[in-house]
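Enquirer: my questions are about this predicted structure, shown below with the sequence.
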Amino acid sequence: MPRKIDRLVKHDRPPRIRVPNQERALFTVDNQRFVGIVQRLSGTGGSALLVKGPIPEGTLGAMALSTVFGKVNAHIEFLHTGADGVPLAQAFRFLAMDAESSKRFNAAAEQMRSAGFADVERKQIPLDGAFESWRKLRDSVRQLSGMLTSWRRMRSKV
């Protein structure tokens, strides 16, 4: 019988970064484009609040994100919803990124990390689980509301 320690392999997760300023990205699935607010990013993917609503898990698409270093284009796969405990956030993973986009993405990620946006394990008294879930839901609804209001203003100008 294998020892328990032999079966436990710790996989280090790439550092995640909280994306500031409700940065928008353009997502494309089956030639349909829609906007999403990027919540988190890492070297392997991230999460976003999508205007279109949830995309079926496993769906392939593309993402275009503007950074201070230039535009980043990536092929992605949509994963589960409820990313990072936010019910409306959908996770995605990067499948491919050209060399220039990769260089720009890494530079932008490093700048955000240096500015203190990297997720750091907080050493504080843990909050009640229900309260923490409610807070995350409230925050995601506020962000989605702001995104929809902005989208409506943009449409009314057209």
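Expert: Looks like it came in fine.
Enquirer: where's the most centrally placed residue in the chain relative to E100, distance?
Expert: Compute the mean C-alpha point of the chain, and by C-alpha atoms, centre = their mean the closest residue is S47, 2.1 Å away. Separation of S47 from E100 (C-beta to C-beta, to the nearest Å): 24 Å. (Each C-beta comes from the backbone N, C-alpha and C, glycine too.)
Enquirer: how about the strands in this structure?
Expert: Using DSSP state E, the strands found in the chain span residues 17-18, 24-29, 32-41, 45-50, 60-67, 70-81, 89-97.
Enquirer: any chance of the ones you listed in a markdown table with mean pLDDT and distance to A118 as columns?
Expert: Below are these laid out as a markdown table (pLDDT from 0 to 100; distance: least, C-beta to C-beta, whole Å):
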| stretch | mean pLDDT | distance to A118 |
| --- | --- | --- |
| strand 17-18 | 84 | 5 |
| strand 24-29 | 94 | 19 |
| strand 32-41 | 92 | 10 |
| strand 45-50 | 92 | 13 |
| strand 60-67 | 94 | 16 |
| strand 70-81 | 94 | 18 |
| strand 89-97 | 93 | 18 |
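Enquirer: quick one, what contacts the nearest residue to G82 once chain neighbours are set aside?
Expert: Nearest residue to G82 in three dimensions, chain neighbours excluded: A89, at 7.0 Å (C-beta to C-beta, 6 or more residues apart in numbering). If a contact means C-beta atoms under 8 Å, 6 or more residues apart in numbering, then A89 has Q39, S47, A48, L49, T81, G82, A83, S140 as its contacts.
Enquirer: between those, which is closest to R33?
Expert: In terms of C-beta to C-beta, no member of those lies closer to R33 than A48, at 13.8 Å.
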